[in-house]
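A.B. asks: One predicted model, sequence on top.
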2 protein chains.
Amino acid sequence: MNKKKILLVVCDGMSDRPVREFGDKTPLQVARTPAMDAIARSGVSGMMDVIAPGIIPGSDTAHLALFGYDPYKVYTGRGPIEAAGAGIEMAKGDVAFRCNFATVDSDMRVIDRRAGRIRDGTSDLAKALTGMRIDDVEMVFKEGSEHRGVLVMKGPGLDQRVSEIDPHVEGPLLESRPLVPEAAKTASALNEFARRSHEMLEKHPVNESRRAEGLPPANIVLPRGAGSVGELDSLEERFGIRGAGIAGVTLIKGICRLVGMDVVDVPGATGGLDTDYLEKAKAALRSLETHDLVFVNVKSSDVAGHDGDFRLKVQVIESIDGMLGTILKDLHEDVIVAITADHSTPVTVRDHSADPVPVAISGGGGRVDGVREFDEISAAAGSLGRIRGMDLLPILLGMANRSRKFGA
Amino acid sequence: MNKKKILLVVCDGMSDRPVREFGDKTPLQVARTPAMDAIARSGVSGMMDVIAPGIIPGSDTAHLALFGYDPYKVYTGRGPIEAAGAGIEMAKGDVAFRCNFATVDSDMRVIDRRAGRIRDGTSDLAKALTGMRIDDVEMVFKEGSEHRGVLVMKGPGLDQRVSEIDPHVEGPLLESRPLVPEAAKTASALNEFARRSHEMLEKHPVNESRRAEGLPPANIVLPRGAGSVGELDSLEERFGIRGAGIAGVTLIKGICRLVGMDVVDVPGATGGLDTDYLEKAKAALRSLETHDLVFVNVKSSDVAGHDGDFRLKVQVIESIDGMLGTILKDLHEDVIVAITADHSTPVTVRDHSADPVPVAISGGGGRVDGVREFDEISAAAGSLGRIRGMDLLPILLGMANRSRKFGA
């Protein structure tokens, strides 16, 4: 049987709850979504607990599950995911931290945890810091968006179980302590890194200019969210597939890299409301020529959910549907297409919720049930039933004739 | 987002199978249940394997699962649950037994395992036994209903893996043996307890009177169902919620106490067919003012199932529905209400069965599917799909905005 290709479109936070003022309907029920409905109508639908019933997924853990990984086994803090997103290659034993550029006074008290939300000059500051050596540990540092950055410690005998130096409020800098004896070296390197980062940044030209402009200097780096990467076999090792990931957001790109996908850079894919849907559609079609699995994340639906804006969410969903329509128009009928969300972000909650998400899969000569629309209520009547996020990719691989037989 | 309260109503053994003589309908299909139907109509329905598909739940294991605990990990014999029900505080390492007062002859042969179903005087007999010390082990004993009692051994080095002394038929008393070497001390204490209980009860005034009346003396205690309590974090520790439990039956009260619920004493809640439904409804509404989760168990539906009486079961279900209607009338619309059963007790089986049970959840601005009636067939078309008992409380907590996020 010929192996088929798979297109997985994840609309971040699209799933929702009914809202009384809009006829007790969800944004997805109200939105005109001919492309999503076409997938539902020509395939199978169901509901999905992305992590497990009653668990509120983060976007990071959710995507790990959607790629077939058990997030409870893989996930050890956000640092490694941010590091992967920033393009820092992590090896086993490395410890990664999310960082803020911050401002401390002369008594080493944190007076602004975001250094006045500094945007310009962080790449110069990062260049000054990266490559620092503390004994046999190398510090790899890279700036992120705005005041953010990533620190990866590389060297023997490191351990992520250390307490934080970031006080998380204004106040004196904390001393990192090992939470287990094996982490003593890491805690001490972390304290030394903070001390030296202050020394190097205090007189840095970027900060001299900031002071001249009356802006708080970015004169220290505050690492947090320590984590190391567990044994993570790539998608290719686990399932024999080559994946391509299309996403605007650093966090999601990071997860794509962690599982060994090629991250496709799409001009204009911002992760915001202004993302270029047409470019994403083109990139998806192009990537299907070279890869077995193409994954597309669209973040704007989540943004609208966090804003609590029902009308905006409807509008965003219709834009995403337009992107999907563009893809479907030129898609080979043998490609398995799946549409879903990584979690619910109800406009009434303005945050992630544990409500299960709808999922629809069509193409490749698979089964067809009676569901005719794609939304949180219609999908529940579908023949997929109620599945777990971790089961989605195996189901898609099965439909794509890419599963392995267990037994004789 | 505001946290909502949860009301969980469990109708013991209500779920059933169709019966030919009643038009191939179940008691729940035949009964008029406007309140249960209202919950189904305004929320989501589904089917639930309380333990797992094909497993027949006991009421004890079922309730542990419904409270989010894995009964396979928690459950180590019925003794600890009876002990909790009788109000005996159990500590880690304690071993508890269910007991019968019984009658032995002079050769220590059991001639009546229930001592003529003794009802009066057992509290005096229990007082004579409790506090007994065997080496460094303290025996806490409390009478139960009729001929029943509970024994808790407290002391160092105990282990529940011992063979029973209760022959379970008339015949010679058995010698308890350790089933693992670690249980040698417990087995020897158990044998000594039986010997001394005979010594102390043989001449007890209660038994002198019984003999005078021609009744068999309750001249020995037969412990069985040894168990110890594993590490059991309370609902508050696990989910951050304060629970209140309303139940007539000792066993269910015991489970409520085990998981750290406050047990609400309701005058007239008997656990039998004569239970006072109105008082239970009032207690539920009152408890919702002070607690996050209010759990109500109604036992009468199970009693009717065990009796194999279809008409009685219909009548009992309609009484329970009346109780529910009283609650719904005064319930805040923000409360999440769930109605379900802990297992099926089909009138054609007259015992528990493995058939999954219907469940319906409404309130709190959650989703609404197309199910319009609450019964074993209608619920299966609902958007909840087929869930496990252990997932119910996490799902309710998610709908109540009380779940925790896993990830970023």
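C.D. replies: Received it, and whenever you're ready, just let me know what you need.

A.B. asks: And whatever residue of the stretch 201-350 of chain A ends up closest to chain B, how far from B:Gly398?
C.D. replies: Taking CB to the nearest CB, chain B has its nearest neighbour within the stretch 201-350 of chain A at A:Val349, 4.6 Å off. The C-beta positions use only the backbone N, C-alpha and C, and glycine is treated the same way. Per CB to CB, to the nearest Å, A:Val349 is found 11 Å from B:Gly398.

A.B. asks: Looking at those two, which has the bigger crowd around it?
C.D. replies: Neighbours were counted for A:Val349 and for B:Gly398 using other CB atoms under 10 Å in any protein chain shown; B:Gly398 has more, 24 against 20.

A.B. asks: quick one, what contacts the more buried one?
C.D. replies: By CB atoms under 8 Å, 6 or more residues apart in numbering or on different chains, the contact list for B:Gly398 reads A:53-56, A:353-355.

A.B. asks: can you give me the helices for the stretch 301-408 of chain A?
C.D. replies: Assigned by DSSP state H, counting those that start in this stretch, the stretch 301-408 of chain A shows helices spanning A:310-329, A:389-399.

A.B. asks: Kindly apply the preceding question to the stretch 101-250 of chain A instead.
C.D. replies: Using DSSP H, counting those that start in this stretch, the helices of the stretch 101-250 of chain A run over A:122-129, A:184-202, A:205-212, A:235-239, A:250-258.

A.B. asks: Then A:Val296 would be within a helix, right?
C.D. replies: No - checked against DSSP: H, G, I helix; E, B strand; the rest coil, A:Val296 lies outside a helix; its state is strand.

A.B. asks: What score does it have for pLDDT?
C.D. replies: The pLDDT attached to A:Val296 in the predicted structure is 97.

A.B. asks: circling back: please list which of the contacts of B:Gly398 are also close to chain B.
C.D. replies: Near chain B, taking CB under 8 Å from any CB of the partner chain as the test, the members of these found are A:53-56, A:353-355.

A.B. asks: any chance of the residues you listed in JSON lines, with pLDDT and neighbour count too?
C.D. replies: Below are these laid out as JSON lines (pLDDT from 0 to 100; neighbours: other CB atoms under 10 Å in any protein chain shown):
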{"residue": "A:Pro53", "pLDDT": "96", "neighbour count": "23"}
{"residue": "A:Gly54", "pLDDT": "95", "neighbour count": "25"}
{"residue": "A:Ile55", "pLDDT": "93", "neighbour count": "27"}
{"residue": "A:Ile56", "pLDDT": "94", "neighbour count": "25"}
{"residue": "A:Ser353", "pLDDT": "96", "neighbour count": "26"}
{"residue": "A:Ala354", "pLDDT": "97", "neighbour count": "28"}
{"residue": "A:Asp355", "pLDDT": "97", "neighbour count": "26"}
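
A.B. asks: of those residues, closest to A:Val221?
C.D. replies: A:Ile56 (30.2 Å; CB to CB).

A.B. asks: Is A:Ala65 in contact with A:Met48, as I believe?
C.D. replies: No - if you go by CB atoms under 8 Å, A:Ala65 and A:Met48 don't touch, sitting 9.3 Å apart.

A.B. asks: For the closest residue to A:Met153 other than its chain neighbours, give me the pLDDT.
C.D. replies: Spatial nearest neighbour of A:Met153, chain neighbours left out: A:Val95 (4.8 Å); criterion: CB to CB, 6 or more residues apart in numbering or on different chains. What the model reports as pLDDT for A:Val95 is 94.

A.B. asks: and A:Val95, what does it touch?
C.D. replies: So A:Val95 contacts A:79, A:152-153, A:158-160, A:186, A:226-228 (CB under 8 Å, 6+ apart).

A.B. asks: pLDDT score for the spatially most central residue of chain A?
C.D. replies: Centre of chain A computed as the mean C-alpha position; nearest residue by CA atoms, centre = their mean is A:Ile252, 2.6 Å away. A:Ile252 carries a pLDDT score of 90 in this model.

A.B. asks: same check, this time on A:Pro178
C.D. replies: On the pLDDT scale, A:Pro178 gets 94.

A.B. asks: Any idea what it is bridged to?
C.D. replies: Going by DSSP bridges, A:Pro178 is paired in beta bridges with A:Val162.

A.B. asks: any weak-confidence spans in the stretch 101-250 of chain A?
C.D. replies: The stretch 101-250 of chain A contains residues with pLDDT under 70 at A:230-231.

A.B. asks: Make a markdown table out of the helices of the stretch 301-408 of chain A and add mean pLDDT.
C.D. replies: Below are these laid out as a markdown table (pLDDT from 0 to 100):
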| stretch | mean pLDDT |
| --- | --- |
| helix A:310-329 | 97 |
| helix A:389-399 | 97 |
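
A.B. asks: now those in JSON lines, with distance to A:Lys142?
C.D. replies: Formatted as JSON lines, the helices of the stretch 301-408 of chain A follow (distance: least, CB to CB, whole Å):
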{"stretch": "helix A:310-329", "distance to A:Lys142": "30"}
{"stretch": "helix A:389-399", "distance to A:Lys142": "30"}
